[in-house]
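Colleague: coords below, sequence missing:
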Ligand code: AMP
Ligand code: ZN
Ligand code: FE
Ligand code: FE
């Protein structure tokens, strides 16, 4: 029987709202055969989720992570799946990223203060459930303190790229992210490549750039991809002999319209696609 899987989700370890255990339980309720947690810049939710999933025989759990990288077209996200437990080089790179996030958050608060908006770091950390803290938590603190009514308003007025307190994130370069993850045995994917319109041929060049560093594939399915987008990514993957992955990018109550497994309603990442990823890993001699 073909079932659904979801290989891109966030918990409160970064900017989602489910705890890792709740996310696994919600994935079971949604009838998913497998789920990956891919929090931004942290692995801290993975052990709890893995322990939870191990209590059940109806769901497989994949340890993952989503890393922000910088390009001439802005941030591109790289997803690593099957992150091993022993992953010191990756953990070190992520810890450095989180430290830079902390500095940026502080500078955003300073910019807000010049606009007569006064939040402390404690106000922000109170909104965060884990160690990867960023703009969504600042947005929630702005709501709690009554400065804005919604997350959208917080991003539009202050935190988004045209907002008054915007600061870009100091991120990894994509080659480094791909190589550190592929070296420890992750399957590495370009995340949501159709999220924005890129110049013609730009994604192809990005793929070519990353292939020598161990890129495994690209996300074909994502809540923000149309069916035509997914078809285009699958065609691109064929041209470069890449694997395809995907998921909803579920963030719990922080993106309430996106559901586990189904996204806005029509997402369907099949167990067949998941089995192909596992076959590829077995061919490479990698565990799964
Ligand atoms: P950061 O990693 O701190 O730069 O925050 C990026 C996160 O903010 C993304 O992963 C989204 O979840 C969220 N985000 C970005 N833009 C918006 C927006 N306009 N409305 C709501 N959430 C957003
Ligand atoms: Zn996010
Ligand atoms: Fe992303
Ligand atoms: Fe994501």
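Modeller: Noted; the coordinates are in hand. Because the structure is predicted, anything quoted here is derived from the model rather than measured. Numbers count the residues shown, from 1 in each chain. Ligands and ions are numbered 1, 2, ... in the order given.

Colleague: Would you mark the buried spots in stretch 227-239?
Modeller: 229-230, 232-233, 236-237 (16 or more other Cβ atoms under 10 Å). All C-beta atoms are positioned from the backbone trio N, CA, C, and that covers glycine.

Colleague: for stretch 38-47, same thing?
Modeller: When neighbours are counted by 16+ other Cβ under 10 Å, the buried residues of stretch 38-47 are found to be 38-46.

Colleague: for it, the distance to its chain's centre please.
Modeller: The chain centroid and the centroid of stretch 38-47 are separated by 9 Å under Cα atoms, centre = their mean, to the nearest Å.

Colleague: residues of the longest helix along the chain that come out buried?
Modeller: What stands out as the longest helix in the chain, according to DSSP state H, is helix 88-114. With burial defined by 16+ other Cβ under 10 Å, the residues of helix 88-114 counted as buried are 90-91, 93-94, 97-98, 101, 104-105, 108-109, 111-112.

Colleague: pLDDT and distance to residue 162 added to these, as JSON lines?
Modeller: Conversion of the buried residues of helix 88-114 to JSON lines gives the following (pLDDT from 0 to 100; distance: Cβ to Cβ, whole Å):
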{"residue": "90", "pLDDT": "97", "distance to residue 162": "33"}
{"residue": "91", "pLDDT": "97", "distance to residue 162": "34"}
{"residue": "93", "pLDDT": "96", "distance to residue 162": "30"}
{"residue": "94", "pLDDT": "96", "distance to residue 162": "29"}
{"residue": "97", "pLDDT": "95", "distance to residue 162": "24"}
{"residue": "98", "pLDDT": "94", "distance to residue 162": "26"}
{"residue": "101", "pLDDT": "94", "distance to residue 162": "21"}
{"residue": "104", "pLDDT": "97", "distance to residue 162": "17"}
{"residue": "105", "pLDDT": "97", "distance to residue 162": "19"}
{"residue": "108", "pLDDT": "98", "distance to residue 162": "15"}
{"residue": "109", "pLDDT": "98", "distance to residue 162": "19"}
{"residue": "111", "pLDDT": "97", "distance to residue 162": "14"}
{"residue": "112", "pLDDT": "98", "distance to residue 162": "16"}
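
Colleague: Kindly reformat those residues as CSV containing distance to residue 5.
Modeller: Converted to CSV, the buried residues of helix 88-114 look like this (distance: Cβ to Cβ, whole Å):
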residue, distance to residue 5
90, 23
91, 26
93, 27
94, 25
97, 27
98, 28
101, 29
104, 34
105, 33
108, 36
109, 39
111, 41
112, 40
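
Colleague: residues touching the closest residue to ligand 1 within the stretch 1-150 of the chain, list them.
Modeller: Proximity to ligand 1, evaluated over the stretch 1-150 of the chain using Cβ to the nearest ligand atom, is greatest for residue 134 at 2.3 Å. For residue 134, the contacting residues are 14-15, 40, 101, 105, 169, by Cβ atoms under 8 Å, 6 or more residues apart in numbering.

Colleague: Next one: it from ligand 4, what distance?
Modeller: In this structure, residue 134 and ligand 4 are separated by 12 Å, where distance is defined by Cβ to the ion, to the nearest Å.

Colleague: For burial, what's the neighbour tally of the residue nearest to residue 246 when sequence neighbours are not counted?
Modeller: Take residue 246 and drop its neighbours on the chain: the residue closest to it by Cβ to Cβ, 6 or more residues apart in numbering is residue 221, 2.9 Å away. The criterion is other Cβ atoms under 10 Å. On that basis, residue 221 has 26 neighbouring residues.

Colleague: Kindly provide the distance from residue 221 to residue 43.
Modeller: 24 Å (Cβ to Cβ, to the nearest Å).

Colleague: okay, now whatever residue of the stretch 151-288 of the chain ends up closest to ligand 1: neighbour count?
Modeller: Closest contact between the stretch 151-288 of the chain and ligand 1, by Cβ to the nearest ligand atom, is at residue 155 (3.5 Å). For residue 155, the tally of surrounding residues (other Cβ under 10 Å) stands at 20.

Colleague: And residue 170, by the same measure?
Modeller: Residue 170: 14 surrounding residues under other Cβ under 10 Å.

Colleague: what's the answer for residue 160, then?
Modeller: Burial measure for residue 160: 15 neighbouring residues, criterion other Cβ under 10 Å.

Colleague: so who does it touch?
Modeller: Neighbour list for residue 160: residue 166 [criterion: Cβ under 8 Å, 6+ apart].

Colleague: can you pull the pLDDT of it?
Modeller: In the predicted model, residue 160 carries a pLDDT score of 96.
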